[in-house]
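Chemist: Quick one, what's the 3D model for this:
(one chain, ligands or ions: 1)
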Amino acid sequence: MNRIPHVAIIGAGFGGIEAAKHLAKAPVRITLIDKRNYHLFQPLLYQVAIAGLSPVQIAHPVRAIFRRQRNLNFLMADVSDIDFKARKVLTEHKSLDYDYLILSAGSRTNFFGMQSIEENGHEMKDISSAVATRNHLLKMFENASRETDAGARRAMLTFVVVGGGPTGVESAGALAELIHLVLTKDYPQMDLRDARVILAEAANHLMPNVYPRNLQAATLKLLRGKRVSVRLKAKVTGFDGSCLRFEDGETIPTHTLIWTAGVRVASLVEKLNVEKGPGGRILVKPTLQLPGYPEAYVIGDAAYLEDEKGQPLSMLATVAQQQARHAAKNIRQELREQPPKPFAYKDPGLLATIGRNAAVARIGGVSFSGLLAWLIWVALHIYRLIGFRNRLVVMLNWAWDYFFYDSQVRLITKE
Ligand SMILES: Cc1cc2nc3c(=O)[nH]c(=O)nc-3n(C[C@H](O)[C@H](O)[C@H](O)COP(=O)(O)OP(=O)(O)OC[C@H]3O[C@@H](n4cnc5c(N)ncnc54)[C@H](O)[C@@H]3O)c2cc1C
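Modeler: Below is the predicted model:
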């Protein structure tokens with residue numbers, strides 16, 4: 001009897017989940033491995049941090065996603081290493097032999113070696129960091145409500161988001177709305193005109209260069225309309241928990257820094273002894289295979305591949321998902337003893353929200369901003385969430401918040 005080939009997939013994020021689904025009907029057995037038992041919808045993490053959604057609404061248990069997929073087994077384990085020569089995945093529980101491997105271990109926050117920021121700042125990477133940010137933000141308002149010194153109160157109500165990419169822009173816009181539309185009603189005795197949201201960006205524009213100039217400018221205008229104070233060419237170099245320092249020596253008294261300015265590969269990827277490209281991402285062949293190890297595919301944030309114009313593919317969920325489908329297809333090709341094919345990214349467009357009724361979009365080559373872009377953003381994010389219940393609850397939540405200027409999760413859950 002023929003042995004059924006074993007596919008090990010590392011990571012139940014955007015890439016891993018998509019790859020596993022696209023191998024459902026293939027004549028293989030799959031082990032999907034993740035150190036967490038849930039898939040996290042990272043694009044909405046900032047909503048957890050700004051008290052808009054609760055963590056369960058943006059996460060879904062992996063076992064529930066694959067309940068009906070008979071050829072898949074989930075293993076909750078931390079992968080410590082991969083022996084590409086011996087075709088083995090090493091975890092704290094056991095080691096697994098594989099015939100094919102799909103590595104989709106994602107990325108983590110890059111503080112660029114600035115320890116004071118790593119220790120005292122907040123990041124937006126997983127549920128615990130987003131909940132910690134929410135607790136901290138809400139605590140600042142409680143502290144400020146008791147504070148009698150105007151200077152100390154102003155520092156408590158100064159919130160600095162660092163990084164003018166989509167996550168920073170979305171966080172700053174949503175935080176300004178939380179303060180001026182919702183918390184202002186919770187603290188009628190406090191003058192929240194004192195509260196400031198500052199967005200600091202080292203470059204001379206917001207949003208990455210893949211966004212056209214008119215959308216970068218529209219983002220700036222929309223954010224300013226939401227009372228976010230945007231500082232361009234402002235490089236943050238340190239933060240001790242009560243004072244933030246810029247490269248030019250300027251300081252801002254604040255207790256809150258939310259760092260969204262950098263991403264680097266997962267620690268597993270960092271330790272693997274294979275050829276790396278910029279950012280420590282693993283260099284892959286156009287077929288997404290690891291050079292020298294054709295049975296190993298690397299996808300998503302962990303992989304470095306350039307498009308036809310020589311530009312590196314971005315660390316985006318859409319890239320990870322398309323690569324996942326492609327890697328699954330190439331494995332099916334190989335099972336039929338046909339050669340794997342090169343990957344080509346189909347750009348579905350760009351979309352980022354700045355807050356209520358405000359977003360920027362480039363779809364089908366057309367750039368636009370405002371209400372229409374925001375409605376598309378809302379619909380797309382509800383559609384992309386995993387699980388009907390999550391979709392329904394998030395939709396009801398957002399509708400409620402929209403009409404009643406509310407925000408559901410204003411809970412401080414840790415002292
Ligand atoms: C705050 C935030 C907002 C974002 N917003 C957007 C957006 O709006 N649009 C967009 O397209 N992209 C967005 N992204 C980027 C997008 O989330 C990533 O590009 C995408 O998740 C990459 O998919 P992946 O499969 O490579 O990694 P991930 O989805 O990160 O999955 C990696 C998985 O690997 C697991 N893992 C890692 N190391 C190990 C190990 N050693 N052992 C076991 N398991 C391990 C992790 O637990 C995780 O589940 C955002 C990212 C963040 C952080």
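Chemist: low pLDDT regions in the stretch 301-415 of the chain?
Modeler: For the stretch 301-415 of the chain, the stretches flagged by pLDDT under 70 are 415.
Chemist: And for the chain?
Modeler: In the chain (pLDDT under 70), the answer is 1, 415.
Chemist: Would you mind listing what in it touches the ligand?
Modeler: 10-16, 33-36, 42-43, 45, 78-79, 104-106, 124-125, 166-167, 266, 268, 300-302, 315-318, 320 (CB under 6 Å from any ligand atom). (Each C-beta comes from the backbone N, C-alpha and C, glycine too.)
Chemist: Restricted to strands, list the residues you listed.
Modeler: 10, 33-34, 79 (DSSP state E).
Chemist: Among the residues you listed, name the buried ones.
Modeler: 10, 33-34, 79 (16 or more other CB atoms under 10 Å).
Chemist: ok, of those, which one's closest to residue 194?
Modeler: residue 34 (43.6 Å; CB to CB).
Chemist: and the gap between the nearest residue to that closest one once chain neighbours are set aside and residue 306?
Modeler: Nearest in space to residue 34, with sequence neighbours left out and distances taken as CB to CB, 6 or more residues apart in numbering, is residue 12 at 3.8 Å. From residue 12 across to residue 306, the span is 27 Å (CB to CB, to the nearest Å).
Chemist: Looking only at neighbour counts, state which of these two leads.
Modeler: residue 12 (27 against 13; other CB atoms under 10 Å).
Chemist: Touching, the more buried one and residue 35? I think so.
Modeler: No - taking contacts as CB atoms under 8 Å, residue 12 lies outside contact range of residue 35: 9.3 Å.
Chemist: CSV please, covering the buried ones among the ones in strands among the residues of the chain next to the ligand and showing distance to residue 192.
Modeler: Shown next, in CSV, are those (distance: CB to CB, whole Å):
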residue, distance to residue 192
10, 46
33, 47
34, 41
79, 46
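Chemist: Between all of those, which two are at the greatest distance?
Modeler: Largest separation among those by CB to CB: 34 and 79, giving 8.8 Å.
Chemist: For the residue of the stretch 51-200 of the chain found nearest the ligand, give me the backbone phi and psi.
Modeler: Relative to the ligand, the nearest point of the stretch 51-200 of the chain is residue 106 (2.5 Å; CB to the nearest ligand atom). Residue 106 has phi and psi values of phi 70, psi -150 when expressed as degrees, to the nearest 10.
Chemist: That one: neighbour count?
Modeler: Neighbour number of residue 106 under other CB under 10 Å is 25.
Chemist: That one reaches residue 303, doesn't it?
Modeler: No - the criterion here is CB under 8 Å, and residue 106 misses it with residue 303 at 10.8 Å.
Chemist: quick one, helices of the chain?
Modeler: Secondary structure of the chain by DSSP state H: the helices cover 14-21, 45-49, 62-65, 115-120, 127-146, 150-156, 166-177, 184-186, 213-225, 267-271, 317-335, 371-384, 388-404.
Chemist: And the closest residue to the ligand within the stretch 201-350 of the chain, how far from residue 223?
Modeler: Distance from the ligand to each residue of the stretch 201-350 of the chain (CB to the nearest ligand atom) is smallest for residue 300, at 2.2 Å. According to CB to CB, residue 300 and residue 223 sit 29 Å apart.
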